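Student: Please work out how this folds:
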Amino acid sequence: MEETKNRHGRRRSIIRDSCLNTSAYGLSRVARSSSMLGRFFWLISFLGFTAVMIYFIVRAILAYFQYPTKIDVTYVNKWPPYFPAFSFCNLSPLRSDRIIDPLLNYSNAFNWTNRNGTPTISEFNASSILDFSIDQLNRNKSVESFMFSLSSMLHSCVYNNQPCSTSDFILFTSASFGLCYTFNAKMKNSSTDNIRLIRQNGGEGTLSLGIYVHSHQYVPQLTDSIGLIALIHDNTQLPLIESAGIELAPGQKHRLSYKEKKIMLLPAPYSDCADNMSIAMKTTMANYNGADYGYSDIVCYELCQQNYIFEKCGCVNPNEWNARSVVITGTNNVIYAPLCKTNNICYIEAIDTFTTSSSLTDKYCANCKTQCSLTDYSIQISSSATPMESQMNNIKMFVESSTVPLPSNWSNTWREQISESYLRVDVVCQTTIVETNIQTATLGPVDLLSNIGGQTGLWIGVSFLSLMELIEILYRLIQYHFHSNQVDSTENQEKNATSTESM
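Tutor: Next up is the predicted model:
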């Protein structure tokens with residue numbers, strides 16, 4: 001019994017000795033107090049401040065796991081200074097001279113037109129023309145021959161005082177604008193060497209294009225204006241020209257002066273952003289003729305909408321020609337879905353249901369996140385009259401040599417025709433200084449550790465050295481415990497041996 005008391009006393013002695021020498025001031029005051037009242041006062045103070053400290057530490061930890069962020073705005077001189085991509089389309093998606101005969105043949109089965117006299121494009125409404133295009137696409141037939149080719153429109157092309165040509169553009173198709181063309185897109189299986197630099201050839205980063213839109217061949221049911229729609233975009237970003245394009249009128253020289261702005265978001269858990277493309281999106285991007293375009297949240301939403309419409313109707317949105325890649329539910333199989341007709345009741349009801357239902361959007365578009373990196377361009381637009389009289393004959397020769405038939409009254413009205421169809425576009429770098437908006441973490445691991453250290457030091461005076469002292473106390477107690485057990489075991493063996501000998 002006396003031995004047991006001695007052992008407990010030894011443990012208390014280890015604890016008391018450690019408390020007397022600890023750097024945690026409150027514990028040392030508890031150990032040094034000569035009266036019970038003083039010891040009780042310091043013990044209550046220590047426990048109370050410890051509770052307050054724990055409260056603030058828990059708040060600091062919870063604040064860290066909310067992953068707060070801020071946006072740091074910096075201005076840097078971009079190097080190397082790459083020239084952006086530039087895309088444009090004719091505002092008329094189809095050529096009336098190319099579409100009239102195939103459209104007439106297609107309409108015969110439906111008795112759409114009055115066959116008295118020579119049919120004209122005005123006899124058809126917009127939906128019937130679009131349905132003809134959809135029928136061609138659903139039968140895997142190209143509709144490019146019904147559209148304006150680049151060679152028929154591109155009168156001149158100069159980049160940094162060096163000539164460029166149709167081979168410097170890649171094409172893509174838009175349901176709204178027909179064939180569109182992109183200059184300076186980053187291509188797959190290539191480095192950035194194929195992207196032009198702003199200072200290339202000693203220039204200042206200026207692309208000059210002369211475009212003839214052939215307004216006399218417009219299909220009036222499909223457009224109500226004449227000119228181009230154009231977009232300046234990043235070399236690796238999809239040209240969303242239908243939603244972000246700028247319309248440019250003929251008879252003018254348009255100067256598009258741009259400044260670059262970058263937005264960079266942190267990955268999870270700090271933001272809900274993504275850069276990984278699904279199988280369907282990769283298939284969709286293949287429609288852009290070798291361009292190395294990255295993830296697009298807008299395309300992601302278009303594709304998940306197409307998935308829903310396809311499940312309900314067996315066809316997809318007729319206005320999204322390039323977003324026809326549908327993943328079969330429960331598999332990784334991608335099919336090229338047919339386009340719905342414009343008056344398809346099932347399609348109309350399905351798209352209305354999907355766009356007004358947040359639950360369907362959450363279900364089908366769960367993987368559609370904001371892009372982690374986005375490049376935007378702010379543009380200043382100015383214009384002046386063109387062409388000058390000295391340019392007229394050269395433009396006249398270009399138009400007469402193109403594959404597009406001339407107006408019947410060309411010989412008498414060619415000057416007016418040129419003014420109604422010709423325009424110039426100059427894309428100019430305003431500055432190489434880029435505004436960069438970078439999302440950064442407000443609280444990082446170091447901030448959390450510092451916050452915890454500040455709270456422990458403020459309320460109970462504990463530091464990392466105090467933690468080492470606690471480890472030392474535990475070590476000494478454990479060491480003493482095993483030492484005592486070893487001594488007991490040795491004494492028991494000796495007693496057993498003695499009792500055996502006495503027997």
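
Student: Is the residue nearest the centre of the chain bridged to anything, and to what?
Tutor: When CA atoms, centre = their mean is applied to the chain, the residue found nearest the centroid is residue 371 (2.0 Å). For residue 371, the beta-bridge partners are residue 274 (DSSP bridges).

Student: Check the one 4 residues further on too.
Tutor: Residue 375 forms beta bridges with residue 262, as assigned by DSSP bridges.

Student: wait, it sits on residue 237?
Tutor: Yes. Taking contact to mean CB atoms under 8 Å, the distance of 6.4 Å between residue 375 and residue 237 places them in contact. Where you see a C-beta, it was placed from the backbone N, CA and C, and this is true even at glycine.

Student: neighbour count winner among these two?
Tutor: residue 237 (21 against 17; other CB atoms under 10 Å).

Student: list the buried ones in stretch 297-306?
Tutor: 299, 300, 302, 303, 304, 305, 306 (16 or more other CB atoms under 10 Å).

Student: now this protein, which segments are flagged as low pLDDT?
Tutor: 1-30, 109-123, 191-193, 464-466, 469-470, 473, 480-481, 483, 485, 487-503 (pLDDT under 70).

Student: And for residue 164, nearest residue in space, chain neighbours not counted?
Tutor: Nearest residue to residue 164 in three dimensions, chain neighbours excluded: residue 157, at 4.1 Å (CB to CB, 6 or more residues apart in numbering).

Student: Residue 201 too?
Tutor: Nearest to residue 201 is residue 160, by CB to CB, 6+ apart, at 4.4 Å.

Student: how about that neighbour, what does it touch?
Tutor: Each residue near residue 160 by CB atoms under 8 Å, 6 or more residues apart in numbering is listed here: 196, 200, 201, 202, 203, 204, 205, 206.

Student: Quickly find the element holding residue 426.
Tutor: strand 422-429 (DSSP states H and E).

Student: hang on, the earlier thing: so what sits against both of residue 375 and residue 237?
Tutor: Joint contacts of residue 375 and residue 237 (CB under 8 Å, 6+ apart) do not exist.

Student: ok so, going back, tell me how far the residue nearest to the centre of the chain lies from residue 139.
Tutor: 35 Å (CB to CB, to the nearest Å).

Student: repeat for residue 278
Tutor: Taking CB to CB, one finds residue 278 at 27 Å from residue 139.

Student: More neighbours: which of the two?
Tutor: residue 278 (20 against 8).

Student: Tell me the backbone dihedrals of the more buried one, please.
Tutor: Main-chain torsions, residue 278, degrees, to the nearest 10: phi -70, psi 170.

Student: And the one 4 residues further on, by the same measure?
Tutor: Geometry field for residue 282 lists phi and psi as phi -60, psi -40, criterion degrees, to the nearest 10.

Student: ditto for residue 247
Tutor: phi -90, psi 130.

Student: is the spatially closest residue to it that is not a sequence neighbour in a bridge, and if so with what?
Tutor: Closest residue to residue 247 apart from its sequence neighbours, by CB to CB, 6+ apart: residue 229 at 5.3 Å. Residues in a beta bridge with residue 229, per DSSP bridges, are residue 89, residue 247.

Student: List the contacts of the residue nearest to residue 405 when sequence neighbours are not counted.
Tutor: Of all residues not flanking residue 405 in the chain, residue 97 sits nearest, at 5.3 Å (CB to CB, 6+ apart). For residue 97, the contacting residues are 217, 404, 405, by CB under 8 Å, 6+ apart.

Student: try residue 158
Tutor: 164, 207, 208.

Student: do that again at 7 Å, thanks
Tutor: Residues counted as contacts of residue 158 (CB atoms under 7 Å, 6 or more residues apart in numbering) are 164, 208.

Student: and what of the one 10 residues further on?
Tutor: Counting by CB under 7 Å, 6+ apart, residue 168 touches residue 183.

Student: That one and residue 157: what is the separation?
Tutor: Taking CB to CB, one finds residue 168 at 7 Å from residue 157.

Student: what's the answer for residue 425, then?
Tutor: Distance from residue 425 to residue 157, by CB to CB: 10 Å.

Student: Give me the common contacts of the two.
Tutor: Common neighbours of residue 425 and residue 157 (CB under 7 Å, 6+ apart) are residue 209.

Student: Quickly list what residue 76 is bridged to.
Tutor: residue 434.

Student: That one and residue 435 touch, don't they?
Tutor: No. If you go by CB atoms under 7 Å, residue 76 and residue 435 don't touch, sitting 8.7 Å apart.

Student: Comparing the two, which shows the higher neighbour count?
Tutor: Comparing residue 76 with residue 435 by other CB under 10 Å, the one with more neighbours is residue 435, at 16 against 11.

Student: Spatially, what comes nearest to that one if we skip its sequence neighbours?
Tutor: Nearest to residue 435 is residue 261, by CB to CB, 6+ apart, at 4.5 Å.

Student: Please list all residues in contact with the one you found.
Tutor: By CB under 7 Å, 6+ apart, the neighbours of residue 261 are 376, 378, 434, 435.

Student: ok, of these, which come out buried?
Tutor: Counted by 16+ other CB under 10 Å, the contacts of residue 261 give 376, 434, 435 as buried.

Student: Please tell me I have it right and the second one contacts residue 262.
Tutor: Pointing back at residue 434 there. Yes. Residue 434 is in contact with residue 262 according to CB under 7 Å; the separation is 6.0 Å.

Student: Doesn't residue 475 belong to a strand?
Tutor: No. Assessed by DSSP: H, G, I helix; E, B strand; the rest coil, residue 475 does not belong to a strand; its assignment is helix.

Student: circling back: out of the contacts of residue 261, which one sits closest to residue 249?
Tutor: Closest approach to residue 249 among these (CB to CB): residue 378, at 21.3 Å.

Student: how close does the closest one get to residue 328?
Tutor: 42 Å.

Student: cool, and residue 350?
Tutor: From residue 350 over to residue 328 (counting by CB to CB), the distance is 17 Å.

Student: okay, those two: which has more neighbours?
Tutor: Set residue 350 next to residue 328 and count neighbours by other CB under 10 Å: residue 350 wins out with 23 against 12.

Student: Just the element for the more buried one, please.
Tutor: helix 345-355.

Student: That helix packs against which elements?
Tutor: Contact partners of helix 345-355 among helices and strands, from 3 or more CB pairs under 7 Å, 6 or more residues apart in numbering; DSSP states H and E: helix 297-313.

Student: repeat that for 8 Å
Tutor: If you count contacts as 3 or more CB pairs under 8 Å, 6 or more residues apart in numbering; DSSP states H and E, helix 345-355 packs onto helix 297-313, helix 358-364.

Student: could you dump these to a markdown table with distance to residue 389?
Tutor: Listed next are those as a markdown table, based on distance: least, CB to CB, whole Å:
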| stretch | distance to residue 389 |
| --- | --- |
| helix 297-313 | 45 |
| helix 358-364 | 57 |
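
Student: For residue 224, which of these is the nearest?
Tutor: The closest of the helices and strands packed on helix 345-355 to residue 224 is helix 297-313. By CB to CB, the value is 25.0 Å.

Student: Distance from the closest one to the middle of the chain?
Tutor: What separates the centre of helix 297-313 from the centre of its chain is 18 Å, taken as CA atoms, centre = their mean, to the nearest Å.

Student: cool, and stretch 333-353?
Tutor: That offset, for stretch 333-353, works out to 26 Å (CA atoms, centre = their mean).

Student: can you check stretch 378-389 too?
Tutor: 32 Å.

Student: Please apply the same query to stretch 420-440.
Tutor: 19 Å.
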